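Participant: Take a look and give me a structure for this.
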Amino acid sequence: MLRACTVDELPPGESVRIAGPEPIAVFNADGELYAIGDTCSHQDASLADGWLEGCFVECPLHAALFDLRTGMPSCLPAKQPVRTYDLHVADGVIYVLAEATEHLENTGDAA
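Facilitator: Residues are numbered from 1 along each chain as shown. Model prediction:
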């Protein structure tokens, strides 16, 4: 588990970036906590620097929207999802579980 911050350090509408080989952004969307891969799948931009709109974050570079619940983009120019991560809160501290949940685009091909 990676320590993100305390609950008090992440008020509603704010985000925090956890640096690392694969940076992670943690968001407080109206009291709901979410963690996703911090780098936009369209171009190298920090989603933690984006704007929250409900449970979506808008990339600050080209305005692609990502669903914080699934990591899926909802508009162009992004076409690929970002990773999502499970969170755990213990004693007022937010932790991100190291294992990411991959969301694969449905191509319509049968396996």
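Participant: ok, now which ones touch the nearest residue to residue 7 once chain neighbours are set aside?
Facilitator: Excluding its sequence neighbours, the residue lying closest to residue 7 (Cβ to Cβ, 6 or more residues apart in numbering) is residue 92, at 5.2 Å. To be clear about C-beta, it is placed using only N, CA and C from the backbone, and glycine gets the same treatment. Residues in contact with residue 92 (Cβ atoms under 8 Å, 6 or more residues apart in numbering) are 6, 7, 8.
Participant: roughly how far apart are the second one and residue 88?
Facilitator: Translated: residue 7. 12 Å (Cβ to Cβ, to the nearest Å).
Participant: Can you pull the residues that touch both of these two?
Facilitator: residue 94.
Participant: now the contacts of residue 92 in TSV, with distance to residue 77, pLDDT and secondary structure?
Facilitator: Output for those, formatted as TSV (distance: Cβ to Cβ, whole Å; pLDDT from 0 to 100; DSSP: H, G, I helix; E, B strand; the rest coil):
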residue	distance to residue 77	pLDDT	secondary structure
6	35	98	strand
7	34	97	helix
8	36	97	helix
